[in-house]
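Engineer: Take a look and give me a structure for this.
(chains A and B)
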Amino acid sequence: MIRFLLIDDDDIISVIHPATIQRAISDSDIEITPSGYEAIALIDELIELQEAPPNYIFLDINMPEISGFEFLDRLTETELDFLKDSKIIMLSSSVNQKDIERAKTYPMIRDFISKPLTVEYIRELVGLAN
Amino acid sequence: MPHSLNPEELYQKYLDLQLRVTRFSSIEQELINTREQLDHELVLHKRLLKFNTEALKLNSEKEFIQLVAESVIDICETQIAYVYFLHKDRQEEERILEGVRKKDEAAIVGEIEKIIHYHKTAHGIKVVHQSTEHTEKNVLKSCMFSSTIDIGSDVSILLAAANSNEKAPFYPAINDRSKILFSIFVQQVEAILSNIITAQQNRQQMHTIAEAQIELKKLSLIATKTKSGVIISDKHGRIEWVNNSFEQTTGFKLEEVIGKKPKEFLQSDLTSLEDKTKMANALAAKESVEVTVLNKSKSGHHYYNQLAITPVFDEKGEHINFIALQKDITAEENYKKELIQKNTELEKINKELDQFIYSISHDLRSPLLSIKGLLSLIETSVDENETKLYHGLIGKSVGRLDNTILEILEYSRNSRVDVYRDEFNLQNMIEQQFQDLSYIAEEGIDLKVFSDSSPIIFSDKTRVETLLKNLISNAIKYRKKNNFTSFVHVKIRREGEVYVIDIIDNGEGISELNQKRVFEMFYRASSSSQGTGLGLAMCQEIVKKLNGEIKLTSQFGEGTTITLILPNNPLNA
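Structural biologist: Numbering: from 1, shown residues only, chains lettered A, B, ... in the order given. Got it, this is the predicted structure:
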């Protein structure tokens, strides 16, 4: 069972991405939150309930209220420790050089890609390609 | 025969007679000599007179001393003439020798100067005869020379006349008579040279005065007519004179300011301390200074005064005046400020444009990328219901894309198209919009418009329509979900020259933090929003164009009221 957390405000993307992940991996657990704040609340809940952290987090940059980067900035020590083995992949619909540079300053960011997620990408990511 | 003379008597008489004849002829000879001498002297005096006449016509002392040298020979009848001339002021020394062969000149000048040096005289004329014993050594037989005659404090002259041993037989010996003639001549030379020098000095002075007058005329013309204000003050800074331009710029007349210091009546409370100090320090140190200060004219109007103050010193280095040039550069300063402001605006616009392009490309790409993702899901889908859902989402994405493009067009239209005012009914417009927006208000939201009278407004119809559509659709979109008592009420009232429109809802409300930012371009406050973040920013721009106002009050979780104030203005003002 591979656990995914999707943080994206776009309601259509929030349909496409889980569907794509399900196509790529049969045995997956997918959580979806539409904002950084709600994602933090969800993470705290997982800690509270002593559940396992997500293996992969797909984080949208451009969101109302707080951006993907601001979400990362707001994580507490406890939350960061909980997520220490999670792989964070930044997603954006327009890949901007400034965002790429900024992403490089966060060691926990594993990758930076353009939407939408594809089956091939997810399989490669989790090491199931071919 | 009255008497008969004896031979003895007769002989005696003859002897007497003979003696008389002898005496007579000697007297006759003397008379002839005297006459010749007189004739000769007459000739000499005529020559002297001629010299006087010619000399008086001359202007330069150089021509004069040449004439002097030539005339010495004519008048004193000597072989050699020597003139020494010294102009101390100009450091000019001149020696002129006449009556000598070129090859002998150096020797003769040397000997004359040796004689003068050895026998020097302080007054009058000295005659020197050299002993014949040393004939081989001496070239000159005799020489007479004057003392050094000073004409004024600058010029000295010394004359000498001489005969050489070689030519002495051909010239009259230098004697008392020639000494007298030489003496008269020297006096003449002194008188005439002093005339020439004085005349020259006078001419020089006249010239200097004339030049100074021309210069003064030019300078005062410049000072009077220049467009810059000119102040001449004494060494304490008290005004002695100002020009027309100063009077025009400051509004103060010369009579009002004479004897005052400029700072006493020109400086304003707004003049910066730094400038005042800079000026005061330079003036105290008697140095030139250039500053731009804010001054105040008589009528109280402020202007930027570019000042250049220069201390003036007299020939002895004594500080006597200050001259200040001042120029009203308010226009330049304002222009500079305007440029800086424009530049800041441009920078802001540029930054906005960057942000705009970034956000727009994001908003345009998002639905396209969704479509891309949906298409690849459809390709591999085997479930018909699933395929149907994805088709529906493609349609929704296309709708969003279209909507974004429309909003961009509206936004750009508002910033580019001129305001065009027309007459229309606000209430009718809002009711029409309620109908148009009913597709997003499917759950039966309560939409009402209230007005005390028929609200006819003169304004830009297209812009007001865009404005109201954005605000009302926001109020509908952000209603509380699953609440069957949601409402959007619009209240219109006229207040004098303006219409006040309240758009009141009981929706989600906006948090205090977000209230400050919702009018920012591309700022999206709500995670339930799918907008571009352009709507309220555009509303703000429209209201600005229409010279109106937009205010927002909201309680998070309770609802929002937007208040619009729109001028009812039939003129395109």
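Engineer: going forward, measure contacts and count neighbours with C-alpha atoms only.
Structural biologist: Will do.
Engineer: After the helix or strand hosting residue B:356, heading C-terminal, what element do we hit next?
Structural biologist: Assigned by DSSP states H and E, residue B:356 belongs to helix B:330-379. Scanning forward in sequence from helix B:330-379 by DSSP H and E, the next helix or strand is helix B:384-416.
Engineer: other SSEs contacting that following helix?
Structural biologist: Here helix B:384-416 touches helix B:330-379, helix B:535-545, going by 3 or more CA pairs under 8 Å, 6 or more residues apart in numbering or on different chains; DSSP states H and E.
Engineer: buried set for it?
Structural biologist: For helix B:384-416, the neighbour count (16 or more other CA atoms under 10 Å in any protein chain shown) marks B:387, B:390-391, B:393-394, B:396-398, B:400-401, B:404-405, B:407-408, B:410-411, B:414 as buried.
Engineer: mind listing the strands for chain A?
Structural biologist: Assigned by DSSP state E, chain A shows strands spanning A:2-7, A:28-33, A:56-60, A:87-92, A:109-114.
Engineer: on that earlier part again, now render the helices and strands packed on helix B:384-416 as JSON lines, adding mean neighbour count, mean pLDDT and distance to residue A:85.
Structural biologist: Compiled in JSON lines, the helices and strands packed on helix B:384-416 are given as follows (neighbours: other CA atoms under 10 Å in any protein chain shown; pLDDT from 0 to 100; distance: least, CA to CA, whole Å):
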{"stretch": "helix B:330-379", "mean neighbour count": "16", "mean pLDDT": "87", "distance to residue A:85": "28"}
{"stretch": "helix B:535-545", "mean neighbour count": "20", "mean pLDDT": "89", "distance to residue A:85": "41"}
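Engineer: picking up where we left off before, determine how far the helix holding residue B:356 lies from the middle of the whole chain.
Structural biologist: How far helix B:330-379 lies from its chain's middle: 46 Å, per CA atoms, centre = their mean, to the nearest Å.
Engineer: which regions of the chain sit below the pLDDT cut-off?
Structural biologist: Picking chain A for this. The model of chain A has pLDDT under 70 over residues A:128-130.
Engineer: Please refer instead to chain B.
Structural biologist: Applying pLDDT under 70 to chain B picks out residues B:1-3, B:132-136, B:441-443, B:483, B:525-532, B:570-573.
Engineer: Domain map for it?
Structural biologist: Under automatic domain parsing, the residue ranges defining each domain of chain B are B:1-40, B:58-198, B:226-325, B:329-416, B:418-573.
Engineer: So which bits of chain A are right by chain B?
Structural biologist: Residues of chain A that fall close to chain B, judged by CA under 8 Å from any CA of the partner chain: A:9-10, A:12-13, A:16, A:19-20, A:34-35, A:63-65, A:93-94, A:96, A:115-118.
Engineer: Report the buried members of those.
Structural biologist: Buried among these (16+ other CA under 10 Å): A:9-10, A:12-13, A:16, A:19-20, A:34-35, A:63-65, A:93-94, A:115-118.
Engineer: could you check the angle strand A:109-114 makes with the helix holding residue B:356?
Structural biologist: Relative orientation of helix B:330-379 versus strand A:109-114 (axes from the mean of the first three to the mean of the last three CA atoms, to 10 degrees): 90 degrees.
Engineer: can you tell if helix B:330-379 touches chain A?
Structural biologist: Yes: shown here: helix B:330-379 in contact with chain A (CA under 8 Å from any CA) through B:358, B:361, B:362, B:365, B:366, B:369, B:370, B:372, B:373, B:374, B:377.
Engineer: what's the farthest-apart pair in those?
Structural biologist: The largest separation in the residues of helix B:330-379 next to chain A, counting by CA to CA, is between B:358 and B:377 at 28.1 Å.
Engineer: now stretch B:20-36, how far from the chain's geometric center?
Structural biologist: That offset, for stretch B:20-36, works out to 92 Å (CA atoms, centre = their mean).
Engineer: how near is the closest residue to residue B:498 other than its chain neighbours to residue B:545?
Structural biologist: Closest residue in space to residue B:498, ignoring its immediate chain neighbours: residue B:567 at 4.3 Å, by CA to CA, 6 or more residues apart in numbering or on different chains. Noted for residue B:567: a distance of 11 Å to residue B:545, by CA to CA, to the nearest Å.
Engineer: And residue B:156, by the same measure?
Structural biologist: Distance, residue B:156 to residue B:545, by CA to CA: 94 Å.
Engineer: Let me see the ranges of the helices in chain A.
Structural biologist: Assigned by DSSP state H, chain A shows helices spanning A:13-24, A:36-48, A:68-74, A:77-82, A:97-104, A:119-126.
Engineer: Quick check: which of those is nearest to residue B:215?
Structural biologist: helix A:97-104 (69.3 Å).
Engineer: wait, isn't residue B:290 in contact with residue B:308?
Structural biologist: Yes: the pair residue B:290 / residue B:308 is scored as a contact, 4.4 Å apart, by CA atoms under 8 Å.
Engineer: Distance-wise, check the residue nearest to residue B:498 relative to chain A.
Structural biologist: 34 Å (CA to the nearest CA, to the nearest Å).
Engineer: My read is that that residue contacts residue B:548, right?
Structural biologist: Yes: between residue B:567 and residue B:548 there is a contact under CA under 8 Å: 6.0 Å.
Engineer: what do the two both touch?
Structural biologist: Taking CA atoms under 8 Å, 6 or more residues apart in numbering or on different chains as the contact rule, residue B:567 and residue B:548 have no neighbour in common.
Engineer: in what helix or strand does residue B:315 lie?
Structural biologist: Assignment of secondary structure by DSSP H and E places residue B:315 within no helix or strand.
Engineer: And for it, the neighbour number?
Structural biologist: 6 (other CA atoms under 10 Å in any protein chain shown).
Engineer: helix or strand for residue B:309, which one?
Structural biologist: Here residue B:309, judged by DSSP H and E, is contained in strand B:302-313.
Engineer: What strands line up against that strand, and which way round?
Structural biologist: strand B:289-296 (antiparallel), strand B:319-328 (antiparallel) (DSSP bridges).
Engineer: Grab the nearest non-local neighbour of the residue of the stretch 101-250 of chain B found nearest chain A.
Structural biologist: Nearest to chain A in the stretch 101-250 of chain B, going by CA to the nearest CA, is residue B:228, at a distance of 54.1 Å. Using CA to CA, 6+ apart and skipping residues adjacent in sequence, the residue nearest residue B:228 is residue B:327, 5.1 Å away.
Engineer: Test of understanding: give the bridge partners of that neighbour.
Structural biologist: Assigned bridge partners for residue B:327, using DSSP bridges, are residue B:306.
Engineer: That one touches residue B:226, doesn't it?
Structural biologist: No: shown here, residue B:327 and residue B:226 do not form a contact pair, counting by CA under 8 Å, at 10.3 Å.
Engineer: check contacts around the nearest residue to residue B:234 once chain neighbours are set aside.
Structural biologist: In space, and not counting its chain neighbours, residue B:234 is closest to residue B:321: 4.5 Å by CA to CA, 6+ apart. If a contact means CA under 8 Å, 6+ apart, then residue B:321 has B:232, B:233, B:234, B:235, B:236, B:237, B:311, B:312, B:313 as its contacts.
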